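A.B. asks: Could you look at this predicted model? Sequence included:
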Amino acid sequence: MRKFGLIGYPLGHSFSKKYFTEKFITEHISDCSYENYPLKNLDEFRELIVSDQQLTGLNITIPYKSEIFRFLDVIESEAAVIGAVNVIKIRRHEGQIKLYGYNSDVTGIRDTLLPFIKENVRNALVFGTGGSSRAVCHVLKKFGLNIDRVSRKRKPGILVYSDIDSGFIGRTQLIINTTPLGMFPNIESRPEINYKMLNKTHILFDLVYNPEITTFLRLGAEQGCSTISGITMLYSQAEKAWEIWNNDSL
């Protein structure tokens, strides 16, 4: 039996266990299982890897996508540039364990946004500055977009929410939430902008996927915006993780 799983804390918001369990049933994959491993801190990580010889691969979620680097033996170049890992492949040979880190968020983000990136989409606002934000910005740069990042605290090169006035909104076409705002169970929370400034020229993408329609997306839709749920990205990045775990060349 090969075991896969998800580490992070908390994990009540995660769909990964449900997704992979259903995948194994639907595709008649009988030799695999998937579990959640809620780790309050990463001091528990090494024991998890060593104690279960059947553990073959892991997904990483908030808040460990960057902190996990210190445990990894090899990090793919794209994940290293972004500074975030969300997939680990575990290789065991003659008592030795090597951990390989990847970022499948990049694939999920790229696949999700590609149908929406037209000639008129040139400027993007990205809410959040964590590992998911860095993956989003990496993809947006590949698309050739201009990017402004927004956080609760002012930092060099980073805006705060009070900076987002009608001028910013007017010249922006794509607005992306990479924060946990709106995630279950705090479903009423959302990025603090004036949603009345939005209109049908805007595209809103929320990486939160539980609930599928967040308050951020709902308020945007009420103003006529196009909206993209994080569930599309979830499916794409999960399939990329599965490819990583099963492709010996990766």
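C.D. replies: Done, it's in. Numbers count the residues shown, from 1 in each chain.
A.B. asks: Which parts of this protein are strands?
C.D. replies: For the chain, the strands defined by DSSP state E occupy 2-8, 32-38, 55-60, 74-75, 87-93, 96-102, 123-127, 146-151, 159-160, 174-177, 203-206, 226-228.
A.B. asks: Adjacent strands (with direction) for the second one?
C.D. replies: Spelled out, that is strand 32-38. strand 2-8 (parallel) (DSSP bridges).
A.B. asks: buried sites along the partner strand?
C.D. replies: 3-8 (16 or more other CB atoms under 10 Å). For glycine as for every other residue, the C-beta is placed from the backbone atoms N, C-alpha and C.
A.B. asks: what's the spacing between the residue of the chain positioned farthest from its centre and K18?
C.D. replies: Outermost residue of the chain with respect to the C-alpha centroid, by CA atoms, centre = their mean, is E94; its distance is 33.9 Å. E94 sits 36 Å away from K18, going by CB to CB, to the nearest Å.
A.B. asks: Then F4?
C.D. replies: 13 Å.
A.B. asks: Reformat the strands of the chain as TSV; add distance to V139 and mean pLDDT.
C.D. replies: Listed next are the strands of the chain as TSV, based on distance: least, CB to CB, whole Å; pLDDT from 0 to 100:
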stretch	distance to V139	mean pLDDT
strand 2-8	22	97
strand 32-38	26	96
strand 55-60	18	97
strand 74-75	18	97
strand 87-93	16	96
strand 96-102	15	97
strand 123-127	10	98
strand 146-151	10	97
strand 159-160	20	96
strand 174-177	10	98
strand 203-206	11	98
strand 226-228	13	98
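A.B. asks: Tabulate those strands (a markdown table), appending distance to S66.
C.D. replies: As requested, those are arranged in a markdown table below (distance: least, CB to CB, whole Å):
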| stretch | distance to S66 |
| --- | --- |
| strand 2-8 | 12 |
| strand 32-38 | 18 |
| strand 55-60 | 9 |
| strand 74-75 | 11 |
| strand 87-93 | 13 |
| strand 96-102 | 11 |
| strand 123-127 | 17 |
| strand 146-151 | 15 |
| strand 159-160 | 21 |
| strand 174-177 | 19 |
| strand 203-206 | 21 |
| strand 226-228 | 25 |
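A.B. asks: tell me which residues form a beta bridge with the closest residue to D148 other than its chain neighbours?
C.D. replies: Spatial nearest neighbour of D148, excluding adjacent residues (CB to CB, 6 or more residues apart in numbering): L125 at 5.4 Å. Beta-bridge pairing of L125 under DSSP bridges involves D148, I175.
A.B. asks: elements contacting the longest helix seen in the chain?
C.D. replies: Secondary structure of the chain per DSSP state H: the longest helix is helix 230-246. Under the contact definition 3 or more CB pairs under 8 Å, 6 or more residues apart in numbering; DSSP states H and E, helix 230-246 sits against helix 16-26, strand 55-60, strand 87-93, helix 105-113.
A.B. asks: Show me what it is in contact with.
C.D. replies: Helix 230-246 has contacts (CB atoms under 8 Å, 6 or more residues apart in numbering) with 4, 15-16, 19-20, 23, 56-57, 59, 86-87, 89, 102, 104-105, 107-109, 111-112, 205-209, 212, 250.
A.B. asks: pLDDT value on P185, please?
C.D. replies: pLDDT for P185: 88.
A.B. asks: Also D73?
C.D. replies: D73 is assigned a predicted lDDT (pLDDT) of 98.
A.B. asks: next one: the one 5 residues further on
C.D. replies: Per-residue confidence (pLDDT) for E78: 93.
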